[in-house]
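A.B. asks: sequence and predicted model, in that order:
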Amino acid sequence: MADEKDVLRVVQSRSYREMNTDELARNLSVPAGEMDAFVALLQDLERRGALVKVKKMHWVNPERAGLVTGRLQGNEKGFGFVVPLVRRADEGDVYVAQEEMGEAMHGDLVVVEVHRKKPGRAGGRAPASGPGKVAKKLGPSGRIIKVLEHRNMNIIGTFVPGSKFGRVVPDNPRLFRDIYIAPDDWMGAQADDQVLVAVTEWPSLHRNPEGEIKQVLGKVGTPGVDLQSVIIEFGLPREFSAEVLREAERLRGSPSADERKKRRDFTKNITVTIDPEDAKDFDDALSFQRDRGTGRRVVLVHIADLSYHVPPDGILDLEARERGMSVYLANDVVPMLPHQQSKYTLSLVEGKDRLAKTVAMKFDEAGRLADYSLHHSIINVARRMTYTEVQEVLDAVDAEGPAVAGAAERLPKPIANLLVELDALAGQLRERRVEKGSIDLDMPEYHVAVDEEGRVVGVSQLERFRSYGLVEEFMLSANRCVADFLRKNKLPGLYRIHDQPLEEDLEEFGAFIQPILGRRVNVLDRKELQHLIDEVSGTHLAEAVNMQLLRAMQRAVYSPHCKPHFALHFERYSHFTSPVRRYPDLAVHQILDQFVKERRNPAQLRHDWEAKLENIAAHCNEMQDRADEAEREIIKIKLLRYLQDHKDKVFEAVVTGVQEYGLFARLEGYSVEGLIKVQDIGDDFYRFDEKKKALIGTRRHREFRLGQPIKVTIKEINMARRQLDLVLYE
């Protein structure tokens, strides 16, 4: 049968005239018996943005026809942006006005006809209406002509009864239109019930969407309802099928006698896992030794050999591929594979022999990688440790006098020595990485403590211990080695790539930072960017500066094409170290198995995996976006619920955005942002100074700038829209 390359060769040729499916099949000599598979191939290419079927049922080259396929990101104000699946050179996201959306809603996979320039955005950044969005740029604008996939078949929202019909206000503010519900479809819902509604009619320019209530979840704010709402809202697959569970129950973590003979035995090496206290799985471990011949330091990064248990295209593999990755929701998880097996059978469990893939890396005394090798191995974790425990050991070693007799000496001496050796080398690796131009954003992370009923009982900012960096540096190194191995052996693979920011976006960031620091920063020099991050670290400016720099950067994505990672400043970089929770890592493991264990030819592997990896990358990028958004959303909901009980408190805050209509401020110690409306700053009349990025009082000349510390109280929390309104405390 004609394959993807054959189809694209024809459609993308200069001589191509528009053909329908039958004409295209005849052109490519597709046998009648293979037409179903051929149609499925065309539909798959359309979903990936390589082809588009237009009204006359003809297949067209989207680039030549001025069409872009992508995901619609709605805005609560009614407009949206289409983020292209395939980003062409120097083209940003496509602005879509409300009257040009047709039947599309936020999250839908759509085809947009690009027709003119209009205020828009580039590089996947949010539009200029939110916190920190200080510039309006010209970008492409268009009209949605086709919806390829409706994502919002089911919507979570709050029910509002009416005399003739009811309506559901979606929880997600990007779904900016209420869904109308006929009285016969209320299903007994009462005012302020959280409900699940199935959409039966899609919106148009002059008509809201319509639907019917399928489930009443409970009253808004009831413990457990929030989590269930987010899972349904983002379409997270909560349950596993009976077939998947049966297959998972057949797995055995302990290696067979036959498999032991085929592997390198590292069970005598002292090995530790280092994870958060509430880790849901354990897929990486570390050992350390000295090379007997050269005395060089050797770090062994052991990764759970998930692909031994989950070969390509089996029941568990297809389930994991569909899910893409595990999603962590406060104190809960929606795992990629069944939880019991993820945490115990497939994880590197303390005191148990487990199958692994080991990257053995030799470093010289300056911290340079001298050599590496990959092994199918067997390991046994001597100790499961947490970041906090490891940091206590490192602090004890750093201290002088009797403190050394504390945490470090409570451990067996070989384990304490292992941690000290790893820490010293990790420090060298980070210094070398930063010296070469790696950029480490310093984004604060927060731990939301939740009780068994789902209520937030405390919020704390996570301290980024040195122990985090210890693990991170060796995972980065192992991932680089695997990427290098794939390239050297001409193997197919998935890479984590990060395109260079657009120069205009960096210059916009420079314009943002100049009035804050009172000086210019060469934003095109990556070392100056890292110096800036280090300079503001620990100050009230840190979060605003890091967040704005993040917005200036492109998104990191998965790709089968080996390209550099801008932020890390790596020529090649793969994800290999978390196969229990990320499908791209599992796919890399499967490819390595077929090459190393099965001794398959690289050319044959490239043929077998090429088209498959394109699909996996595109799908996993979507699943990554979904996971990130869902994880942010549940934390935001939990925090807003928590803040409802602390409305009388005075909060320290930092200005993170300045617009003509008010200030955005982030509460210190909480990962939540609120708006101070300009009309609520009552001591003067304020105007927006674009050059200074500040609100300035016309009489008293008081200024509010980005990064400025302020004190605020809560004015209102709108849980339906998940919005926080603040007022200044003076």
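C.D. replies: Great, that's in hand.

A.B. asks: how near is E445 to V168?
C.D. replies: Counting by C-beta to C-beta, to the nearest Å, the separation of E445 from V168 is 34 Å. The C-beta positions use only the backbone N, C-alpha and C, and glycine is treated the same way.

A.B. asks: which of the two has more neighbours?
C.D. replies: For E445 versus V168, the count of surrounding residues by other C-beta atoms under 10 Å is larger for V168: 25 against 10.

A.B. asks: what pLDDT does the model give the more buried one?
C.D. replies: Looking at V168, its pLDDT is 95.

A.B. asks: likewise for the one 5 residues further on?
C.D. replies: At P173, the model reports a pLDDT of 85.

A.B. asks: element containing the spatially closest residue to N20 that is not a sequence neighbour?
C.D. replies: Distance criterion C-beta to C-beta, 6 or more residues apart in numbering; nearest residue to N20, sequence neighbours excluded, is M57 at 4.9 Å. If you go by DSSP states H and E, M57 is not part of any helix or strand.

A.B. asks: count of residues packed around M57?
C.D. replies: For M57, the count of nearby residues is 11 (other C-beta under 10 Å).

A.B. asks: that one reaches M19, doesn't it?
C.D. replies: No. With contact defined as C-beta atoms under 8 Å, M57 does not reach M19; the gap is 9.7 Å.

A.B. asks: between the two ends of stretch 496-511, how far is it?
C.D. replies: In stretch 496-511, first residue to last residue: 30 Å (C-alpha to C-alpha, to the nearest Å).

A.B. asks: let me fix that, I meant to ask about stretch 274-286.
C.D. replies: 8 Å.

A.B. asks: what's the weakest-modelled helix or strand in this protein?
C.D. replies: None of the helices or strands of the chain scores lower by mean pLDDT, DSSP states H and E than strand 109-120, at a mean of 75.

A.B. asks: how far off centre is the following helix or strand past that one?
C.D. replies: Counting by DSSP H and E, the element after strand 109-120 in chain order, helix or strand, is strand 137-149. Mean C-alpha position of strand 137-149 versus that of the full chain (C-alpha atoms, centre = their mean, to the nearest Å) differs by 24 Å.

A.B. asks: which elements pack onto strand 137-149?
C.D. replies: Helices and strands touching strand 137-149, as assessed by 3 or more C-beta pairs under 8 Å, 6 or more residues apart in numbering; DSSP states H and E, comprise helix 35-47, strand 67-74, strand 94-96, strand 109-120.

A.B. asks: flag every buried residue along it.
C.D. replies: Within strand 137-149, the residues scored as buried using 16 or more other C-beta atoms under 10 Å are 137, 139-148.

A.B. asks: same question, stretch 22-41
C.D. replies: Buried positions in stretch 22-41, judged by neighbour count with 16+ other C-beta under 10 Å: 24-25, 28, 30, 38, 41.

A.B. asks: bridged to L72, which residues?
C.D. replies: Assessed by DSSP bridges, L72 has beta-bridge partners V82.

A.B. asks: that one touches G107, doesn't it?
C.D. replies: Yes. Using C-beta under 8 Å, L72 is in contact with G107, at 6.7 Å.

A.B. asks: give me the number of residues near the residue nearest to L586 when sequence neighbours are not counted?
C.D. replies: Leaving out its chain neighbours, the residue that sits closest to L586 by C-beta to C-beta, 6+ apart is P579, at 4.3 Å. A total of 29 residues lie near P579 under the criterion other C-beta under 10 Å.

A.B. asks: so P579 sits in a strand?
C.D. replies: No. Applying DSSP: H, G, I helix; E, B strand; the rest coil, one finds P579 to be coil, outside a strand.

A.B. asks: circling back to that earlier point, mind putting the buried residues of stretch 22-41 into JSON lines with pLDDT and distance to A182?
C.D. replies: Output for the buried residues of stretch 22-41, formatted as JSON lines (pLDDT from 0 to 100; distance: C-beta to C-beta, whole Å):
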{"residue": "L24", "pLDDT": "94", "distance to A182": "44"}
{"residue": "A25", "pLDDT": "94", "distance to A182": "44"}
{"residue": "L28", "pLDDT": "93", "distance to A182": "49"}
{"residue": "V30", "pLDDT": "93", "distance to A182": "47"}
{"residue": "F38", "pLDDT": "94", "distance to A182": "42"}
{"residue": "L41", "pLDDT": "93", "distance to A182": "41"}
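
A.B. asks: can you list these in a markdown table and add distance to A198?
C.D. replies: Converted to a markdown table, the buried residues of stretch 22-41 look like this (distance: C-beta to C-beta, whole Å):
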| residue | distance to A198 |
| --- | --- |
| L24 | 36 |
| A25 | 36 |
| L28 | 40 |
| V30 | 38 |
| F38 | 33 |
| L41 | 31 |
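
A.B. asks: which of those residues lies closest to Q723?
C.D. replies: Nearest to Q723 among the buried residues of stretch 22-41, counting by C-beta to C-beta, is L41 at 44.8 Å.
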